[in-house]
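Participant: Requesting a structural model of the entry that follows:
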Amino acid sequence: MPFNARNPLYAVLHESSYADGGATRWSAERTAPEDFGADSLLLTGEHIFPWHFEDCADLRPYRQVAAVLAEHPWPRLYDADVLADLDVPCAAIVYVDDPYVDRGFSEETAEAMPSLRTWVTNEHLHNGLRTDGEHIFDRLLGLVRGGA
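Facilitator: Prediction:
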(Lines give C-alpha, C1' and ligand atoms only; values in the text may rest on other atoms or scores of the structure.)
Protein backbone atom coordinates (compact mmCIF):
# COMPACT_ATOMS: atom_id res chain seq x y z
CA MET A 1 0.00 0.00 0.00
CA PRO A 2 1.69 3.22 -1.05
CA PHE A 3 1.77 6.03 1.46
CA ASN A 4 3.06 9.47 0.73
CA ALA A 5 2.99 13.01 2.00
CA ARG A 6 -0.28 13.56 0.11
CA ASN A 7 -2.41 11.14 2.17
CA PRO A 8 -0.91 10.44 5.60
CA LEU A 9 -4.27 10.81 7.38
CA TYR A 10 -5.53 7.71 5.62
CA ALA A 11 -2.83 5.64 7.29
CA VAL A 12 -3.19 7.37 10.66
CA LEU A 13 -6.98 7.02 10.89
CA HIS A 14 -7.67 3.86 8.92
CA GLU A 15 -7.25 1.32 11.71
CA SER A 16 -9.82 3.18 13.83
CA SER A 17 -12.42 2.46 11.14
CA TYR A 18 -12.34 -1.17 12.32
CA ALA A 19 -13.10 -0.26 15.93
CA ASP A 20 -16.55 -1.03 17.27
CA GLY A 21 -16.71 -0.27 20.93
CA GLY A 22 -13.08 -0.60 21.97
CA ALA A 23 -9.45 0.02 21.16
CA THR A 24 -7.98 -1.66 18.08
CA ARG A 25 -4.50 -2.06 19.63
CA TRP A 26 -3.07 -2.69 16.15
CA SER A 27 -5.66 -5.35 15.37
CA ALA A 28 -4.09 -6.54 12.11
CA GLU A 29 -0.80 -7.24 13.84
CA ARG A 30 -2.41 -8.80 16.92
CA THR A 31 -4.64 -11.17 14.98
CA ALA A 32 -2.16 -12.25 12.29
CA PRO A 33 -0.98 -15.87 12.47
CA GLU A 34 2.36 -16.38 14.24
CA ASP A 35 4.05 -17.45 11.01
CA PHE A 36 2.48 -14.61 9.02
CA GLY A 37 5.81 -13.10 7.93
CA ALA A 38 7.00 -16.47 6.60
CA ASP A 39 4.58 -16.36 3.64
CA SER A 40 5.09 -13.29 1.47
CA LEU A 41 2.00 -14.17 -0.58
CA LEU A 42 -0.47 -13.52 2.23
CA LEU A 43 -2.53 -10.41 1.59
CA THR A 44 -3.06 -7.74 4.21
CA GLY A 45 -5.73 -5.82 2.33
CA GLU A 46 -5.94 -2.32 3.68
CA HIS A 47 -4.71 -3.16 7.16
CA ILE A 48 -2.26 -0.82 8.79
CA PHE A 49 0.62 -2.12 10.88
CA PRO A 50 2.81 -0.21 13.33
CA TRP A 51 5.83 -0.93 11.14
CA HIS A 52 4.29 1.22 8.39
CA PHE A 53 5.14 4.20 10.60
CA GLU A 54 8.77 3.12 10.75
CA ASP A 55 9.32 1.88 7.19
CA CYS A 56 7.50 4.67 5.33
CA ALA A 57 9.43 7.92 5.66
CA ASP A 58 6.35 10.05 5.03
CA LEU A 59 4.55 8.38 7.94
CA ARG A 60 7.32 8.58 10.54
CA PRO A 61 6.17 11.99 11.83
CA TYR A 62 2.78 10.42 12.63
CA ARG A 63 3.91 7.28 14.47
CA GLN A 64 3.20 8.67 17.95
CA VAL A 65 -0.32 9.84 17.14
CA ALA A 66 -1.04 6.54 15.35
CA ALA A 67 0.07 4.67 18.47
CA VAL A 68 -2.20 6.83 20.66
CA LEU A 69 -5.17 6.22 18.34
CA ALA A 70 -4.53 2.47 18.36
CA GLU A 71 -5.01 2.52 22.16
CA HIS A 72 -8.01 4.89 22.10
CA PRO A 73 -11.28 3.27 23.26
CA TRP A 74 -13.63 4.05 20.37
CA PRO A 75 -17.43 4.03 20.83
CA ARG A 76 -19.76 1.68 18.96
CA LEU A 77 -19.91 2.42 15.23
CA TYR A 78 -23.65 2.94 15.22
CA ASP A 79 -26.76 2.43 17.27
CA ALA A 80 -29.25 0.16 15.48
CA ASP A 81 -32.23 1.84 17.17
CA VAL A 82 -31.09 5.26 15.99
CA LEU A 83 -30.61 3.96 12.43
CA ALA A 84 -34.11 2.43 12.46
CA ASP A 85 -35.61 5.79 13.46
CA LEU A 86 -33.63 7.75 10.90
CA ASP A 87 -35.90 9.93 8.79
CA VAL A 88 -33.58 11.74 6.42
CA PRO A 89 -32.94 10.87 2.80
CA CYS A 90 -29.64 9.09 2.31
CA ALA A 91 -27.97 6.82 -0.20
CA ALA A 92 -25.11 4.34 -0.28
CA ILE A 93 -23.30 2.27 -2.85
CA VAL A 94 -22.87 -1.45 -2.25
CA TYR A 95 -20.18 -3.06 -4.35
CA VAL A 96 -21.13 -6.61 -5.33
CA ASP A 97 -17.53 -7.77 -5.62
CA ASP A 98 -15.90 -5.60 -2.94
CA PRO A 99 -12.75 -7.43 -1.85
CA TYR A 100 -12.72 -5.70 1.56
CA VAL A 101 -16.34 -5.23 2.64
CA ASP A 102 -18.72 -8.17 2.77
CA ARG A 103 -21.77 -7.41 0.64
CA GLY A 104 -24.06 -9.11 3.15
CA PHE A 105 -22.90 -6.82 5.95
CA SER A 106 -23.47 -3.76 3.76
CA GLU A 107 -26.96 -4.88 2.83
CA GLU A 108 -27.80 -5.81 6.42
CA THR A 109 -26.76 -2.35 7.60
CA ALA A 110 -28.70 -0.70 4.77
CA GLU A 111 -31.85 -2.65 5.65
CA ALA A 112 -31.66 -1.25 9.18
CA MET A 113 -32.12 2.26 7.76
CA PRO A 114 -35.62 2.72 6.28
CA SER A 115 -34.76 5.97 4.49
CA LEU A 116 -31.57 4.64 2.88
CA ARG A 117 -31.61 3.96 -0.84
CA THR A 118 -28.89 1.66 -2.11
CA TRP A 119 -27.17 1.33 -5.42
CA VAL A 120 -25.95 -2.25 -5.65
CA THR A 121 -23.46 -2.52 -8.47
CA ASN A 122 -20.59 -4.53 -9.86
CA GLU A 123 -19.40 -1.59 -11.97
CA HIS A 124 -16.72 -0.79 -9.41
CA LEU A 125 -14.77 -2.43 -6.66
CA HIS A 126 -13.89 -0.97 -3.27
CA ASN A 127 -12.24 2.14 -4.72
CA GLY A 128 -15.10 3.42 -6.86
CA LEU A 129 -14.91 6.95 -5.47
CA ARG A 130 -11.25 7.15 -6.43
CA THR A 131 -11.75 5.73 -9.92
CA ASP A 132 -15.07 7.32 -10.89
CA GLY A 133 -15.99 9.68 -8.07
CA GLU A 134 -17.98 12.23 -10.06
CA HIS A 135 -20.25 9.58 -11.59
CA ILE A 136 -20.77 7.83 -8.26
CA PHE A 137 -21.47 11.06 -6.39
CA ASP A 138 -23.98 12.15 -9.04
CA ARG A 139 -25.76 8.79 -8.89
CA LEU A 140 -25.93 8.81 -5.08
CA LEU A 141 -27.15 12.39 -5.04
CA GLY A 142 -29.84 11.41 -7.52
CA LEU A 143 -30.92 8.60 -5.21
CA VAL A 144 -31.13 10.99 -2.28
CA ARG A 145 -33.28 13.30 -4.38
CA GLY A 146 -35.68 10.47 -5.21
CA GLY A 147 -34.32 9.32 -8.56
CA ALA A 148 -33.25 5.88 -9.65
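Participant: residues touching the closest residue to residue 84 other than its chain neighbours, list them.
Facilitator: Nearest non-adjacent residue to residue 84, counting by C-beta to C-beta, 6 or more residues apart in numbering: residue 112, 5.9 Å away. Where you see a C-beta, it was placed from the backbone N, CA and C, and this is true even at glycine. Contact partners of residue 112, counting by C-beta atoms under 8 Å, 6 or more residues apart in numbering, are 80, 83-84.
Participant: rerun at 10 Å
Facilitator: Residues near residue 112 by C-beta atoms under 10 Å, 6 or more residues apart in numbering: 78, 80-84, 86.
Participant: which of those residues tops the neighbour count?
Facilitator: residue 83 (16 neighbours; other C-beta atoms under 10 Å).
Participant: So it: helix, strand or coil?
Facilitator: State at residue 83, reduced to three classes by DSSP: H, G, I helix; E, B strand; the rest coil: helix.
Participant: Need phi/psi at residue 55.
Facilitator: phi -80, psi -30 (degrees, to the nearest 10).
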